[in-house]
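> Below is the structure, and that's it, no one-letter string:
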């Protein structure tokens, strides 16, 4: 049994440059002993334990130097030190083997060659403290009981003085070791939990940035493709007019502008990883939703926006999440149903928010968006769930509806105006092809 050194569980073992040789040796042994489930103490604790035991044995031998029994005392002390030496060599002995090998020679030394104020008994105190710090409760308690009973028996036979005091010292030594083990295991558990939480936080941050990059790219590509498609159709028209060429050029200019904006947003998002030390731009919120809809409308998408409530009072994280859901929904419409009639409805205040984006569907087989393919819908659902909300996406009476509610019970407090819009003759869904 060896007292384990403390190691950084969050990173690989550091190089040993600049450490004293004893510290280096103990830290190298710790990795091997950790597999046995022992707690990991700071490196100087085993050094104190081994050093104190060695000092107790050496003083015990020195106390008998003038009696002519120094050689026998030294032999018993060396025999008692065998388990400690095996520990230093990372050779594990069971507690029931360690106790007789380490304790019996000391007891024989005290009984056969008694001296006043025998210092060798401290080796027994260190032994039970050592076992209390490493072994399971029952095992260390059994070892302490055996050592204490042996000391008490020697005291009853008159072999040692003040045996009651030494029995109490043995019990206190075990108690200190057991408390050390309990406290160290608590610290180890806290460190492990902290490392796990840190790793989870890093993973969640990477996932969040991945969602941001995905949404930015999906949005920019969708708008760019709408502009490029419009320009291509103008240039392919047999009755091409000078005004058409100018409009096609303007569409390509808009596509270029959207691409440059997307690159700037991607650089900013990647800069959140710490790689970019440039200026930090605020994340988009619901105040930019009209500009987002106007951008898609300018690119040729038939989309209208209806906002009610006080969206400026929505918390920042919720506002960003709803903005990204609306952005991804419009990108999906532009990608899969570029000729669809689309409606974005937002009702929001500081307490609850509800967003719906619906678009008409063509007759015939369902579109890829309706089938739920790709990463867009799972990403939107994850955003809503992380904000404590509810999300749904699916077909309703020939209309594809994306709905996000924050918090999840928002419908009980928020009354969305979508049914009124659906009843409006000018916005009723068509059944013809998109």
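Everything's here; your move. Fair warning: this is a prediction, and the values are worked out from it, not measured in the lab. Residues are numbered from 1 along each chain as shown.

> all helices for this protein, in order.
21-34, 44-62, 70-80, 82-88, 95-112, 121-134, 137-156, 163-236, 242-270, 289-298, 316-336, 376-386, 418-423 (DSSP state H).

> can I get these in TSV with mean pLDDT, distance to residue 304 and mean neighbour count?
Any C-beta I mention is one placed from the backbone N, CA and C, and that applies to glycine too. Output for the helices of the chain, formatted as TSV (pLDDT from 0 to 100; distance: least, C-beta to C-beta, whole Å; neighbours: other C-beta atoms under 10 Å):
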stretch	mean pLDDT	distance to residue 304	mean neighbour count
helix 21-34	67	64	16
helix 44-62	88	72	18
helix 70-80	93	90	18
helix 82-88	85	78	18
helix 95-112	92	78	19
helix 121-134	91	72	26
helix 137-156	92	71	18
helix 163-236	78	16	16
helix 242-270	65	20	15
helix 289-298	87	8	17
helix 316-336	87	12	23
helix 376-386	84	21	19
helix 418-423	45	8	14
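
> and of those, who's closest to residue 402?
Closest of the helices of the chain to residue 402 is helix 316-336, at 4.6 Å (criterion: C-beta to C-beta).

> mind listing what the closest residue in space to residue 319 that isn't next to it in sequence touches?
Distance criterion C-beta to C-beta, 6 or more residues apart in numbering; nearest residue to residue 319, sequence neighbours excluded, is residue 285 at 3.8 Å. By C-beta atoms under 8 Å, 6 or more residues apart in numbering, residue 285 lies in contact with 314, 316, 319, 320, 323.

> Identify, from those, the entry nearest to residue 386.
Lowest distance from residue 386 to the contacts of residue 285 (C-beta to C-beta) belongs to residue 320, with 11.1 Å.

> Quick check: the closest one vs residue 106, distance?
With distances taken as C-beta to C-beta, to the nearest Å, residue 320 is found 70 Å from residue 106.

> Residue 133 now?
19 Å.

> Kindly report the same for residue 340.
89 Å.

> How about residue 97?
Relative to residue 106, and taking C-beta to C-beta, residue 97 is found at 16 Å.

> Check residue 154 too.
According to C-beta to C-beta, residue 154 and residue 106 sit 11 Å apart.

> quick one on the thing from earlier: can you put the helices of the chain in CSV and add distance to residue 393?
Listed next are the helices of the chain as CSV, based on distance: least, C-beta to C-beta, whole Å:
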stretch, distance to residue 393
helix 21-34, 49
helix 44-62, 58
helix 70-80, 75
helix 82-88, 63
helix 95-112, 62
helix 121-134, 57
helix 137-156, 55
helix 163-236, 15
helix 242-270, 24
helix 289-298, 18
helix 316-336, 8
helix 376-386, 5
helix 418-423, 14
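
> out of those, nearest to residue 347?
Closest among those, using C-beta to C-beta: helix 418-423, at 9.0 Å.

> Residue 347 is in contact with residue 353, isn't it?
Yes - using C-beta atoms under 8 Å, residue 347 is in contact with residue 353, at 7.3 Å.

> Compare these two and say which one has the larger neighbour count.
More crowded of residue 347 and residue 353, by other C-beta atoms under 10 Å: residue 353, with 27 against 21.

> ok, the closest residue to that one other than its chain neighbours - how many residues close by?
Computed as C-beta to C-beta, 6+ apart, the closest residue to residue 353 that is not its neighbour in sequence is residue 406, at 4.5 Å. By the measure other C-beta under 10 Å, the count of residues near residue 406 is 28.

> which residues does residue 122 contact?
Applying C-beta under 8 Å, 6+ apart, the residues near residue 122 are 52, 53, 56.

> Dump those residues into a markdown table; add distance to residue 85 as well.
Below are the contacts of residue 122 laid out as a markdown table (distance: C-beta to C-beta, whole Å):
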| residue | distance to residue 85 |
| --- | --- |
| 52 | 15 |
| 53 | 11 |
| 56 | 15 |
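
> Tell me the one among those nearest to residue 164.
Nearest to residue 164 among the contacts of residue 122: residue 56, at 19.7 Å, using C-beta to C-beta.

> Tell me if I'm right that that closest one and residue 120 touch.
Yes - applying C-beta under 8 Å as the test, residue 56 and residue 120 come out as touching, 6.1 Å apart.

> contacting residues for residue 101?
Residue 101 makes contact with 79, 80, 82, 83, 93 under the criterion C-beta under 8 Å, 6+ apart.

> Would you mind giving those as a markdown table with distance to residue 162 added?
Below are the contacts of residue 101 laid out as a markdown table (distance: C-beta to C-beta, whole Å):
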| residue | distance to residue 162 |
| --- | --- |
| 79 | 25 |
| 80 | 21 |
| 82 | 28 |
| 83 | 26 |
| 93 | 30 |
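
> Looking at these, which one is closest to residue 63?
residue 80 (14.9 Å).

> measure the nearest residue to the closest one once chain neighbours are set aside to residue 120 for me?
Take residue 80 and drop its neighbours on the chain: the residue closest to it by C-beta to C-beta, 6+ apart is residue 105, 4.0 Å away. Separation of residue 105 from residue 120 (C-beta to C-beta) stands at 9 Å.

> same thing with residue 154?
Going from residue 154 to residue 120 by C-beta to C-beta gives 12 Å.

> Find residues that contact each of those two.
Residues touching both residue 154 and residue 120 (C-beta under 8 Å, 6+ apart): residue 110.

> Domain map for this protein?
As assigned by automatic domain parsing, the chain contains the domains 21-198, 284-434.

> how about the ones you listed in a markdown table, adding distance to residue 206?
Listed next are the domains of the chain as a markdown table, based on distance: least, C-beta to C-beta, whole Å:
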| stretch | distance to residue 206 |
| --- | --- |
| domain 21-198 | 13 |
| domain 284-434 | 13 |
